[in-house]
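J.: I would like to see how this sequence folds:
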Amino acid sequence: MSRLQSNLKTNSAEFRQNYRYNRALVEVFREKQECVRFQRPDRDVQRLANQGKMMPRDRIEKLLDPATPFLELSSLAANMAYDGDSPSASCITGIGIVSGHEVMLHADDPSVKGGAWYPLTVKKIVRCLDIAIENHLPVVHLCDSAGGFLPLQSELFPDKHMAGRIFRNQAILSQRGIKQLSLVFGHCTAGGAYIPALSDYAVIVRGTGAVFLAGPPLVKAATGEDVSADDLGGANLHTRISGTCDYPAASEEDAIAIGREIVAQWEPPKKWVIQRRPPDPPEYEADEIYGIIPSNIKKQFDMREIIARIVDGSRLHEYKPSFGTTLVCGFANLWGYKVGIVANNGVLFNDSALKGAHFIELCNQNNTPLLFLQNITGYMVGREYEARGITKDGAKMIMAQACSHVPKFTVMCHGSFGAGNYGMCGRAYDARFLFTWPNHQIGVMSGEHAAQTLAEVKLRQLKRNKQPINKNTIDSVHSETLEAYKEQVTAEYSTSELWDDGIIDPTDTRNALGIAISASLNAPLSKNNYGVFRF
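T.: Predicted coordinates for the structure are as follows:
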């Protein structure tokens with residue numbers, strides 16, 4: 001493979017301006033991440049301490065193998081919802097190493113309303129179990145939840161992808177032989193009781209752990225029975241009488257030690273064989289990515305400069321370099337793993353779309369995972385391009401990408417607008433993992449284009465109705481649309497709504513993708529099969 005030659009001028013005014021802008025965005029992201037991870041009211045911290053409980057991140061740290069990475073997912077989920085009352089959507093999810101095994105972790109956060117599940121909590125848990133299913137990852141549940149947040153029950157209970165989906169996913173994991181372990185540190189109430197009940201193994205802490213379909217207040221209201229939480233669903237009941245749990249633990253530390261022993265007994269996964277070579281670092285500094293990404297969302301940049309800072313040795317075998325030049329395609333290695341890269345270098349024309357579709361087919365033929373690096377305004381529009389069949393050619397790219405049998409990974413590097421999001425493996429297209437950078441923006445179209453479009457629609461409406469054209473009305477439509485877009489297109493809004501698997505620092509991209517690719521190899525490849533391409 002050829003080594004990419006960087007043309008970046010790190011001493012230019014543009015580089016320095018971009019660097020300051022993007023570094024500032026990352027600092028804001030880091031501050032918010034630190035806040036949702038560690039800032040809790042003293043009363044909640046003290047309450048857990050009085051109960052002999054650890055904070056959820058301390059539990060995770062003791063569970064994971066020492067000095068191993070933990071890829072946390074969706075750390076800022078729900079950060080712009082519920083008036084900030086559900087930091088990180090009241091739970092922690094991510095991939096880590098336990099007793100030498102890659103596992104998906106799901107940990108309730110009892111420092112937030114007793115670990116009660118908000119609607120976005122449910123969405124986050126469902127997503128982490130989807131990832132476990134897709135990648136055949138064993139799951140360790142760290143249970144400590146008061147159950148659903150009742151004031152919002154209509155948003156978390158009845159629909160297909162709401163709370164019931166958690167337990168459906170657990171059943172599917174079991175069906176596919178993917179192991180689950182529950183460590184019950186606190187209450188597993190109502191539907192939450194099914195998490196340990198549907199797990200292959202369950203450890204429960206004496207005194208604080210409890211599993212019941214209805215807690216003492218509801219039992220009292222429903223039956224008139226007075227019963228303590230421990231008598232209703234504690235360790236003695238469930239390990240000696242009901243058999244709902246398997247192991248009693250004297251403390252949280254003991255439960256974690258037992259959990260690590262259980263995971264150590266599991267058979268190692270049989271990963272599918274991917275082309276691989278010894279990894280070597282990029283030739284260029286990842287820190288320079290801050291200076292590459294423009295501070296203006298409308299401005300283009302050469303995606304090869306990004307590729308050079310995340311792939312092994314900054315080497316890329318570029319496919320069709322002189323054809324469809326607004327899409328960069330090629331083979332590279334990332335932490336040693338062979339990947340096929342599809343990266344935007346501008347709007348997608350007919351030749352770009354056809355090139356992308358063909359390259360995606362080649363990666364599927366070669367069993368090579370796909371990495372999509374998005375910075376896309378969409379497919380080219382206009383009469384000339386419709387006559388050439390841009391919709392038809394874009395559909396070919398979407399068909400090839402959607403029907404891929406190899407693992408797909410997406411990084412939102414800058415803008416993601418219009419149908420280009422679809423062709424480039426947006427959220428709807430089942431990327432195994434999808435990460436965003438702090439500068440990322442996403443929408444049907446950019447805010448400026450949306451504002452101009454609606455202003456033009458309003459103008460035509462006035463003309464059609466033969467009404468006087470009021471410039472103030474047109475300007476008002478433009479400004480109101482633009483203002484609404486400012487918040488909704490941001491990476492922070494996107495990640496709050498769980499449209500991604502988390503914002504990451506651009507300099508962490510290589511490491512995050514390395515963990516994600518490794519995890520994806522646990523799931524066997526499906527059959528390579530395409531639908532109908534329109535020619």
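
J.: give me the distance between the two termini of stretch 191-201.
T.: With CA to CA, to the nearest Å applied, stretch 191-201 spans 18 Å between its terminal residues.

J.: buried residues in that stretch?
T.: For stretch 191-201, the neighbour count (16 or more other CB atoms under 10 Å) marks 191-201 as buried. Glycine gets a C-beta too; all of them are placed from N, C-alpha and C.

J.: out of the residues you listed, which are inside helices?
T.: The helices, defined by DSSP state H, take in 194-197 from the buried residues of stretch 191-201.

J.: before we move on, the earlier item: show me which of the buried residues of stretch 191-201 is closest to residue 382.
T.: residue 191 (51.9 Å; CB to CB).

J.: close enough to count as contact, that closest one and residue 164?
T.: Yes: in this structure residue 191 lies within contact range of residue 164 using CB atoms under 8 Å: 7.5 Å.

J.: pull the contacting residues for residue 254.
T.: Residues counted as contacts of residue 254 (CB atoms under 8 Å, 6 or more residues apart in numbering) are residue 205.

J.: check the gap between it and residue 51 for me.
T.: Residue 254 sits 16 Å away from residue 51 when distances are taken as CB to CB, to the nearest Å.

J.: now swap in residue 268 and tell me
T.: 37 Å.

J.: out of those two, which sits in the more crowded spot?
T.: residue 51 (13 against 8; other CB atoms under 10 Å).

J.: mind listing what the more buried one touches?
T.: 186, 208.

J.: how many neighbours does the residue nearest to residue 381 when sequence neighbours are not counted have?
T.: Excluding the flanking residues, the one nearest residue 381 by CB to CB, 6 or more residues apart in numbering is residue 390, at 7.5 Å. Per other CB under 10 Å, the neighbour tally for residue 390 reads 21.

J.: can you give the domain ranges for the protein?
T.: Domain assignment for the chain by automatic domain parsing gives 12-50+275-444+490-535, 53-265, 447-488.

J.: where among these is average confidence lowest?
T.: Here these differ in mean pLDDT, and the lowest is domain 447-488 at a mean of 74.

J.: if we can go back for a sec, make a markdown table out of the domains of the chain and add distance to residue 6.
T.: Listed next are those as a markdown table, based on distance: least, CB to CB, whole Å:
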| stretch | distance to residue 6 |
| --- | --- |
| domain 12-50+275-444+490-535 | 6 |
| domain 53-265 | 28 |
| domain 447-488 | 31 |
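
J.: among those domains, which is nearest residue 4?
T.: Closest to residue 4 of the domains of the chain, according to CB to CB: domain 12-50+275-444+490-535, at 4.1 Å.

J.: do you know how far residue 116 is from residue 212?
T.: Taking CB to CB, one finds residue 116 at 16 Å from residue 212.

J.: any chance you could map the strands in the stretch 351-500 of the chain?
T.: 370-376, 408-417, 433-436, 441-443 (DSSP state E, counting those that start in this stretch).

J.: sheet partners, orientation included, of the first one?
T.: On the basis of DSSP bridges, the sheet neighbours of strand 370-376 come out as strand 337-344 (parallel), strand 408-417 (parallel).

J.: what's the first one in contact with?
T.: Spelled out, it's strand 337-344. If you take CB under 8 Å, 6+ apart as the criterion, strand 337-344 is touched by 274-277, 303-304, 306-307, 311, 316, 326-333, 356, 359-360, 362-363, 366, 368-376, 409, 420, 424-425, 514, 517-518.

J.: out of those residues, which end up buried?
T.: Buried subset of the contacts of strand 337-344 (neighbour count, 16+ other CB under 10 Å): 274, 303-304, 306-307, 311, 316, 326-333, 356, 359-360, 363, 368-376, 409, 420, 424-425, 514, 517-518.

J.: understood, closing this out.
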